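**Q** here is my input, please return the structure:
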Amino acid sequence: MVYFINDIITGALIGLLYSLVAMGFVVIYRASKVFNFAQGELVIIGGFIVWFTTMQAGLSLWLSIPLSLVLAGLVGYAIERIFLTKLIG
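**A** This is a model prediction of the structure:
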């Protein structure tokens, strides 16, 4: 029974993550009329930053999560400035 509940919670969390990425696709397309498939990469970059700062650098999880949001946002901003502005015109 414990495994079943664990699988239900894990499946729901993965589904929520997929829906968050899909909503990112919709928001970017509606705002710029350009398909930007960088959301998946930004999610992976954010997850890697959380893992690295928590496991390797020894920061607490509650400090790593806001740090990863800021750094992933900066990467997203750089992608927008370098690539998307040229595509939009």
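**Q** what about the helix or strand containing Phe4, average pLDDT?
**A** Here Phe4 sits within helix 2-32, counting by DSSP states H and E. Taken as a whole, helix 2-32 has an average pLDDT of 90.
**Q** could you list every helix and strand in contact with that helix?
**A** If contacts are counted by 3 or more Cβ pairs under 8 Å, 6 or more residues apart in numbering; DSSP states H and E, helix 2-32 sits against helix 39-51. Backbone N, C-alpha and C define where each C-beta goes, glycine included.
**Q** now with 10 Å?
**A** helix 39-51, helix 85-88 (3 or more Cβ pairs under 10 Å, 6 or more residues apart in numbering; DSSP states H and E).
**Q** surely Gly73 touches Gly46?
**A** Yes - applying Cβ atoms under 10 Å, one finds Gly73 in contact with Gly46, separated by 9.0 Å.
**Q** what does stretch 39-48 contact?
**A** Taking contacts as Cβ atoms under 10 Å, 6 or more residues apart in numbering, the residues outside stretch 39-48 that touch it are 17-18, 20-25, 27-28, 36, 38, 65, 67-73, 75-76, 79.
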